[in-house]
Structures are given as C-alpha cells and as structure tokens.
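Trainee: just coords:
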DNA sequence: GTGAAAGCGCTAACAG
DNA sequence: CTGTTAGCGCTTTCAC
C-alpha cells in the first residue's frame, strides 16, 4: 500500500481536495454522485487519512487518556481496574476514539504526568481514577480547563465532573442486611483511607452499626488495600476478635478473607458470614457464592467515556455528576437462605 | 496558560524558530548560551510542543499500540495480562512513548482493528499479543512492513519479531520435578489449544511423562482457559480420576484448582500436589505456597517495548526472536520439603 | 455543491 | 552555530 494522500484521492476521483475531505468526513454538502465516486476510489485504494495531519488541522485528536495513579498502579491485584479499563476501551472503540493508557508506576511518573497528558494536540480529554487527598493533578487539570472526568468522587468535587456509585448507601444496605439476619458482631475489611470509596464504604458500615445503637469497635475494623492478599492478611487480624460476620469493601478482599477463615477450619456461612463488594464473576462460583454489592463496572467505564465525550463536544461547564446504581446480590455466604429456614421453623 | 507556539518562544528568546526547535529536541548544534536562554523561556512559559504538529512534521508519533485480541479480552480474569500491560506501560513511560491500548471486545472490533492501527501517522509500532491460529491480523501486519513485536511466539513465526519464554522446557522441568518427587499419577490443566503457549506447556508435560515410558492418559488432561474459574472447573473433572499431582498451565488455574481440591477435603501437598506457572504474588502467600514456574512478566513487557523501539529505529529486518528465562520456584505445594524429609529417614 | 487558498505548529534540509 | 525556506497532509473559511 503506497502512501496515498487526500490529494491523490481527489485527483483519481476528478474532484478537489476539499471535496474529497468532505466525503471522508461525511459532510452533507456533497452531491450523491460525487460522493459515490469518491467513496469508490477510497475503497479501491484503501486510503486512510493521516492521523497526525488530521489532528493538526482539526484541533481534535480523537484520543482520550486513562490515567491510573501510582497507588492503584500495580493494578493487576484488584480485578476491578482491568475490568474498568475494559469498559472504557469498549466505549472508545464504539465511539472511534483511541485510548491512551497512562499507568503511573513511580513517583517520577507521577511528577512528569501533567506535562505529558496536558500537551496540546495529544488528548481530547482525560479519565482519571480518583486519586489521594491533596493530589495536585486534579487541581491542575481543573485549572487547565481540560475536559476531565474523574472515575469515583474526588476529595474536592468542586467544579469537576465525576461519576460514582453511592458507596455509603450501598455499604449501609449490605451491613444492614447482615444485621437483619441476626449477626451481632459484624466486622469490616476496608480499603486504605486515602480513597473516597474506601472512606464511603466504611461510613456506610459505621452508619448501619450505630443505627442499631451499637458501638463501633475499632478492633472489628481491619485495613486492606482492595487486593486478595490484603483481604487474607486483614482477616487473620479479625479472626483474633471472632466476628460472626464480615463486610469486605471489595470482592477481592472478601475472597482473601474467606481463604483465611477456611484455613482455620471455619465454615461459611455457618461459622462466619461474608458480604463483598463488586460482584466479580468469581463471586458467583459454587464454592464462594458470595453475597455482594453489584457494581456495574464495565458500564461505569462506558458511562465515563460518554460523559467525557459530552464534555469534549459541549463544553466542560457545568460539571456533570453521575451516580450509578448498585444492587445487593444475595447468595450463600451471608447465610440468608439458612436463616430464613431457621426463622420459619 | 495561553497557547504558545514555538514561534512565540523563539521571539521571546530572540532566536529563530529552528534554533528554538533544536533546543527543544536537544540538538547538539546550539551554543550553550543560546540554549540556556531558550530553556529559560520554555521554563518560564511552561511551553509544550504541539503533539500533532510534531508528529506530522517528524513522521514519528512517539506512540506505540498494545493490541489484545478478543480471546484474551476479558483480560481481567487472568492477572497475567494486567501485569504484562503494566510492564509495557512502565517501559513506555521510561522511553517517553505514549501507550495506545486496543482491547478487542467483539468480532466487530477485530474486523475493524487493522485500518485503525495501521492508519498512517498514529502509531510508530505495535505490540500484539499472540493470537489464534490462522489469525489474519499478524499476516497483514507483516505484509505492511509495520514495526511489530508479538508477545508470545505466533503460530507462523516467519519474518516476524517476537518475544517468548521456552514454555516447552519450563513445563518439562516442572513436571519432571513432580516425577522426581515420586508422584505416579500426574494430571495437568492446560489452557485452550488456540494459543502457542498453551500448546507448548502441554507439550512439555507430555514430554516429561513419555520420557518415563509412561502413557499419556487423556483423562488426566483437563482443559481450562487460564482463569481461576476455569481452574476450579477443570479440577472438578480431574478429581474424578484421582491424580496425585497436577501441573497447571498458570497460577490462576492452579489457585482455582486448589480451591476445588480443598472443597472436597483434600490436603496439599499430602493428598495432592500442585505446580503452577507464572509466579504471581498470590502464589507465595502462606496458605497457597505454590510451587511454580516463575516468568518475568513485567520484564517481558519491558523487553517487548525495547525490542519494538529497536525495530522502529533500526528497521524491522532481520526479525528479532527473544527467549526469556524462567525458573522453577519450589515452595510447599509440590511437597518437596516433606518428601526430602522422608527420603532422609 | 464545489474549488482555491490559507493555515494548523512543527521539523528538516540547505545555505551561510 | 544560526536563520531561511519548504513542506508534513489535512481541515476550513471564503468565494463562486
């Protein structure tokens, strides 16, 4: 395939470069006969417009960036991020955008990221995973008037678009469910408190506990980092204080925790109950059967892209705030079915 | 920040645009004093060259694409791919390349991918995960003389650069290790046979078994797809024919398999031994302690990028073929330590 | 509905 | 070492 330019196509079709351009870009101001002729030439030659030239002339790159900060950057320990990425990639394909992936591994990366992503002509917009409190990147991005969507509510949500689920409420429902089932000593494994979603899910737990007039016991709260490994370790801690049920802030945490519980011979849900968060495919497997809060992760990614495209095309103001629904999926690990039998007796 | 151009910088520094360009691109042909002056202006103004303009003029995009075919596209079920992606992203940051991620979700995606990634001016090169037998993408890419590195040996390796580990040998070593420990009825959980690495690891297994003069029993070979869930299901099958050891073609498979074994009350390694492949972090956790073939996944990604950059800068011929080392990491799940004690007695 | 012409912001010979 | 001059391939007014 030779390096054809628009000029060549125009010549072969016997029209001007502008007209050829109009056909390529589906401009309505072209007569049908000419359009057909040009399209035929394009088809025959396999012509593809030069990406950089188009970017330069049109001031659009048709490319969006996904930025994942360092703290989530060994992003393979929690299946959430790959899944989110998948949703985002899918939506990009759909809308004909190219996805640029920026995984921040080191502190160095983090320091150099702003110039790289804000460089003019590279990205039309950015999806940024919620970062830590006091993160400068979001602030700088907001100031730069760049189209940005935050995945997960940021610490300072003023004037910036984001998309989230109602984590407080979802966690509250999950823990309340355990309470209704009669558990009295409910522990939780949280994510690290440098993320709003970790904070919010803990808040939902606390709310449900205090609503009962119970005291929140610090020893029943264990810290993880959303990975399976962390769930395992956190559960080792919790086992010392013998909870009868545990709300884990992610499925990965829950699965690690379940491993730890089983390792010491506990049976689920008879000896101890679990509720997770995410509803990953593994949650529904027969030996896990995890009751969990279903998050529409892929759909969340799609929504992020579509919101961003809206920002790109219609301006960033006013900021969009989108909250997606969750749903408590009741399986075996919470003991609901057995409890119901008990109650019936 | 206003939209500064090189011209503006040049004016402010009292030099020509070319000189400013030279400073930006670290061209040695600039006097120190001028260089300092221009650099100062750049620093003061926060100037960033326009990405598209640079791409167009230099015929380089400083962007590489990572293409993951549909069959690996729900790429969050096997931690291998996120990890590989991380290695690739890391190397891209290091070398100042932007990473374009192309996750192929649907058949549609797969059909439309070639024009998208081969569009001139978008990518300097492509890293492509090994695809299925008869995949047209690789062929078309080879024909197009585009710089491409395949991650994992492709089915038709002629004239194309790839990077791989010696899967046959690694699997052979792993299974031989089980044989030496005295296991007599060794099963395996393979990946789907549409991937060279799945085929190769099975071949290593077969080689080790037949080397002993043993017959390869089909019922001892279960098919998975490299996910934990598949490992669990495959193991359910294998349990029916009571193997005393199992070689799993990935750690994810092994962990799913271990869950299935434990579910029916088997103890590891006393009742049944396991060896995995990958050495993911979870393999070393205290209740898993998986003996496994360590693959340098992140380093593999880095190597892929560096090979690709070599191709971009020095031409694609001759094709590079790089085989990276693996290592058998012996932990508890194979029963080596206990066996040794037995032997010593 | 179509064409001519003017850039988009940069790199890269080439001349000095 | 530095400046001048052509483009890179496309989009986008602006006339007609």
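Mentor: Thanks, I have the structure now. Fair warning: this is a prediction, and the values are worked out from it, not measured in the lab. Numbers count the residues shown, from 1 in each chain, chains lettered A, B, ... in the order given.
Trainee: Would you mind listing what in the stretch 1-150 of chain A touches DNA strand D?
Mentor: Residues of the stretch 1-150 of chain A found near DNA strand D (C-beta under 7 Å from any atom of the strand) are A:3, A:5-7, A:17-18, A:21-22, A:24-25, A:49-50, A:53-54, A:56-59. In this view, the C-beta of every residue, glycine as well, is placed from N, C-alpha and C.
Trainee: List only buried entries from these.
Mentor: Among these, the ones that count as buried by 16 or more other C-beta atoms under 10 Å in any protein chain shown are A:5, A:6, A:21, A:22, A:24, A:49, A:50, A:53, A:54, A:56.
Trainee: Tell me which of the residues you listed fall in helices.
Mentor: Using DSSP state H, the subset of these located in helices is A:6, A:21, A:22, A:24, A:53, A:54, A:56.
Trainee: The third one reaches residue A:31, doesn't it?
Mentor: No. Applying C-beta atoms under 8 Å as the test, residue A:22 and residue A:31 come out as separate, 10.4 Å apart.
Trainee: Kindly provide the distance from the residue of the stretch 151-300 of chain A found nearest DNA strand D to chain B.
Mentor: In the stretch 151-300 of chain A, the residue that lies nearest DNA strand D is residue A:161 (24.3 Å; C-beta to the nearest atom of the strand). According to C-beta to the nearest C-beta, to the nearest Å, residue A:161 and chain B sit 20 Å apart.
Trainee: With residue A:299 instead?
Mentor: Using C-beta to the nearest C-beta, one gets 13 Å for the distance from residue A:299 to chain B.
Trainee: Look up phi and psi at that residue.
Mentor: Note on residue A:299: backbone dihedrals following degrees, to the nearest 10 are phi -60, psi -30.
Trainee: Not counting its neighbours along the chain, what's nearest it?
Mentor: Counting by C-beta to C-beta, 6 or more residues apart in numbering or on different chains, residue A:87 is the residue found nearest to residue A:299 once chain neighbours are left out, at 6.5 Å.
Trainee: which stretches of the stretch 151-300 of chain A form strands?
Mentor: Ranges of strands within the stretch 151-300 of chain A are A:161-165, A:186-190, A:221-223, A:245-248, A:273-278, A:291-294, based on DSSP state E, counting those that start in this stretch.
Trainee: Just give the strands next to the shortest one in its sheet, each with its orientation.
Mentor: Paired strands of strand A:221-223, with direction, are strand A:186-190 (parallel) (DSSP bridges).
Trainee: Identify all contacting residues around the partner strand.
Mentor: Strand A:186-190 is contacted from outside by A:175, A:178-179, A:198, A:201-202, A:205, A:209, A:220-224, A:230-231, A:234-235, A:238, A:241, A:243-249, A:253-254, A:257, using C-beta atoms under 8 Å, 6 or more residues apart in numbering or on different chains.
Trainee: now the residue of the stretch 51-200 of chain A found nearest DNA strand C: how far from residue A:42?
Mentor: Using C-beta to the nearest atom of the strand, residue A:57 is the residue of the stretch 51-200 of chain A that sits closest to DNA strand C, at 3.6 Å. Per C-beta to C-beta, to the nearest Å, residue A:57 is found 18 Å from residue A:42.
Trainee: Would you mind listing what in the stretch 1-150 of chain A touches DNA strand C?
Mentor: Applying C-beta under 7 Å from any atom of the strand, we find that the stretch 1-150 of chain A lies next to DNA strand C at A:14-19, A:22, A:28-31, A:33-35, A:53, A:56-57, A:120-121.
Trainee: now the stretch 51-200 of chain A, which segments are flagged as low pLDDT?
Mentor: Applying pLDDT under 70 to the stretch 51-200 of chain A picks out residues A:71-74.
Trainee: all helices for it, in order.
Mentor: For the stretch 51-200 of chain A, applying DSSP state H, counting those that start in this stretch gives helices covering A:51-58, A:80-94, A:107-118, A:136-143, A:167-180, A:196-211.
Trainee: Show me what the fourth one is packed up against.
Mentor: If contacts are counted by 3 or more C-beta pairs under 8 Å, 6 or more residues apart in numbering or on different chains; DSSP states H and E, helix A:136-143 sits against helix A:107-118, strand A:125-129, strand A:148-151.
Trainee: Tell me if the last one is near chain B.
Mentor: The reference is to strand A:148-151. No. Residues of strand A:148-151 contacting chain B under C-beta under 8 Å from any C-beta of the partner chain: none, with a closest distance of 15.3 Å.
Trainee: Show residues contacting that strand.
Mentor: Under C-beta under 8 Å, 6+ apart, the answer for strand A:148-151 is A:84, A:125-130, A:138, A:141-142, A:160-163, A:300-301, A:304, A:307-308, A:311, A:316, A:320.
Trainee: Now restrict these to buried residues only.
Mentor: Buried among those (16+ other C-beta under 10 Å): A:84, A:125-130, A:138, A:141-142, A:160-163, A:300-301, A:304, A:307-308, A:311, A:316, A:320.
Trainee: of the ones in helices among the buried ones among the residues of the stretch 1-150 of chain A next to DNA strand D, closest to chain B?
Mentor: Of all those, residue A:56 has the smallest distance to chain B: 4.2 Å, by C-beta to the nearest C-beta.
Trainee: Wait, the closest one touches residue B:54, no?
Mentor: No. Between residue A:56 and residue B:54 there is no contact under C-beta under 8 Å: 9.3 Å.
Trainee: dump the residue contacts of the closest residue to DNA strand D within the stretch 101-250 of chain A.
Mentor: For the stretch 101-250 of chain A, the residue closest to DNA strand D is residue A:121, as judged by C-beta to the nearest atom of the strand, at 11.2 Å. Residues in contact with residue A:121 (C-beta under 8 Å, 6+ apart) are A:55, A:56, A:59, A:61, B:50, B:51, B:52, B:53.
Trainee: Nothing else from me, thank you.
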